[in-house]
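Student: next come a sequence and a model predicted from it.
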Amino acid sequence: MRQAGRYLPEFREIRKLNPDFINLCLNENLSSEITLQPLKRFDLDAAIIFSDILMIPYGLNQEVKFEKNFGPKLGLLDLEKISKIDEIDFVEKLYPVYKSIKKVSEDNLIKNKNLIGFVGAPWTLLVYMINKHSPKKELVKDFFKDEFLINRVLIILEKFLKLHIDQQIKNGATVIQIFDSWAGLLEEKDLPNYVYVPTLNLVNYIKSLNIPVICFPRGIKNYKNYCDIVKPDAVNIDYDVDPVSACKEIKIPVQGGLDPKILLTDKENLKKETLKYLNTFKDHPYIFNLGHGVLPETNPNMVEYLVKIVKDY
Ligand SMILES: Cc1c2[nH]c(c1CCC(=O)O)Cc1[nH]c(c(CCC(=O)O)c1C)Cc1[nH]c(c(CCC(=O)O)c1C)Cc1[nH]c(c(C)c1CCC(=O)O)C2
């Protein structure tokens, strides 16, 4: 998840020396090292590449900056400018990301483990590209006013997301996760247009490459409908989803769920809450994970203990 590294002192050390976050993602030596940091400490089954969903607008020449205590800040969305980018320019701009994946995939630490590549879903990227910063609770009032712009951006995103996915797989990603972090901002009636159809196009593309795809439509009310329509290989649930009903309703493998705030409490409570998920899903294909990113103030010892609970189960 986006904040995942920040609880590790070894990540913070590298980050302190590299204040420009995009440049850090484009530094293949450091980004591959950061990807492997959690595997060095913990008995995990997979690593997620160190990059960001906003590398796509960056690759399309929309300015992207990360400001301390504010989050991402994007520049003006210029349709003419992003329409001009071709595949070669794009892959050249993001080349270090792919080289970093290649490096990680060749490391002994990842042997027999999965390397998860990822993208932001078209809807979530559209939100950042038009809104230009995290929308917090709701979209700006006139978000949908320029339908032509929205439709053009979605077409461009589909093309470059496929390319980005393809490059990640060619360089060693063995699973792709699609983060739709702002799916929950939409009303039910808008989900087909902005979430189901654009995501289904990507899911079908990834399946055609024989790579499993996990979707994370954070905040939506009806995960069952989503799974029936989008048909990912697995779905990540957020911490507001009731695991008991999710287990009953969702027929495909489920991932995640545990509230990252539980890691800020004590070991006894962590064990109790973790066992709740493990017991609920004991007869269902289940990948243990959190319901959102590890919080920066998390003590790494709690993560170590969590991994032990899951591995001992
Ligand atoms: C919405 C989203 C983003 N990025 C991502 C999402 C989807 C998942 C989610 O909902 O969290 C996904 C993401 N971002 C990052 C990863 C790689 C895995 C990891 O190391 O966490 C992943 C999978 C690195 C990152 N991306 C970011 C960090 C933190 C950088 C730092 O401040 O050191 C990391 C490690 C920055 C980022 N990137 C983004 C935001 C909103 C922020 C700011 C976070 C904040 O300030 O609270 C966009």
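Tutor: Arrived safely, thanks for sending.
Student: for stretch 206-224, buried residues please.
Tutor: Judged by neighbour count (16 or more other CB atoms under 10 Å), stretch 206-224 contains these buried residues: 206, 211-218, 220, 223. Quick note: C-beta positions are derived from backbone N, CA and C, even for glycine.
Student: how far off centre is that stretch?
Tutor: Stretch 206-224 sits 11 Å away from the centroid of its parent chain (CA atoms, centre = their mean, to the nearest Å).
Student: that older thread, tabulate the buried residues of stretch 206-224 (CSV), appending secondary structure, pLDDT and distance to the ligand.
Tutor: Listed next are the buried residues of stretch 206-224 as CSV, based on DSSP: H, G, I helix; E, B strand; the rest coil; pLDDT from 0 to 100; distance: CB to the nearest ligand atom, whole Å:
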residue, secondary structure, pLDDT, distance to the ligand
Ile206, helix, 98, 16
Ile211, coil, 98, 17
Pro212, coil, 98, 16
Val213, strand, 98, 14
Ile214, strand, 98, 12
Cys215, strand, 98, 12
Phe216, strand, 97, 7
Pro217, coil, 97, 11
Arg218, coil, 95, 6
Ile220, coil, 95, 13
Tyr223, helix, 96, 16
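Student: for those, which two are the farthest from each other?
Tutor: Using CB to CB, the pair of the buried residues of stretch 206-224 lying farthest apart is Ile211 and Ile220, separated by 23.8 Å.
Student: related to what we said a few turns ago, nearest to Asn114 among the buried residues of stretch 206-224?
Tutor: Within the buried residues of stretch 206-224, the smallest distance to Asn114 is 8.7 Å, found for Pro212 (CB to CB).
Student: what's the pLDDT at the nearest residue to that closest one once chain neighbours are set aside?
Tutor: In this structure, Pro212 finds its nearest non-sequential neighbour in Asp233, 4.2 Å apart by CB to CB, 6 or more residues apart in numbering. pLDDT for Asp233: 98.
Student: quick one: Asp233 from the ligand, how far?
Tutor: Computed as CB to the nearest ligand atom, to the nearest Å, the Asp233 to the ligand distance reads 18 Å.
Student: dead centre of the protein: give me the residue that sits there.
Tutor: Phe179 (4.1 Å; CA atoms, centre = their mean).
Student: you'd agree it is up against Gly219?
Tutor: No - assessed by CB atoms under 8 Å, Phe179 is found out of contact with Gly219, at 11.6 Å.
Student: tell me, how many residues neighbour the residue lying closest to Pro38 once chain neighbours are set aside?
Tutor: Distance criterion CB to CB, 6+ apart; nearest residue to Pro38, sequence neighbours excluded, is Leu44 at 5.9 Å. Other residues lying near Leu44 total 17 when counted by other CB atoms under 10 Å.
Student: same check on Ser134?
Tutor: Ser134, neighbours per other CB under 10 Å, totals 14.
Student: what's downstream of whichever strand in the chain runs longest, the next helix or strand?
Tutor: When the chain is parsed with DSSP state E, its longest strand is strand 114-120. Once the chain leaves strand 114-120, the next helix or strand it forms, by DSSP states H and E, is helix 122-131.
Student: hmm, who's touching that following helix?
Tutor: By CB atoms under 8 Å, 6 or more residues apart in numbering, the residues outside helix 122-131 that reach it are 53-54, 56-57, 62, 72, 74, 77, 120, 134-135, 139-140, 143, 149-150, 153-154, 157-158, 161, 179-183, 185-186, 194-195, 198-199, 202.
Student: what do you get for stretch 18-35?
Tutor: 5, 11, 14-15, 47-52, 55, 58, 64-66, 94, 96-97, 99-101, 103-104, 107.
Student: from the chain's centroid, how far away is that stretch?
Tutor: The chain centre lies 17 Å from the centre of stretch 18-35; the measure is CA atoms, centre = their mean.
Student: low-confidence stretches in the stretch 1-150 of the chain?
Tutor: Along the stretch 1-150 of the chain, segments meeting pLDDT under 70 span 1-4.
Student: in it, which spans are helices?
Tutor: Using DSSP state H, counting those that start in this stretch, the helices of the stretch 1-150 of the chain run over 9-17, 21-25, 28-41, 55-59, 79-83, 87-93, 95-105, 122-131, 147-170.
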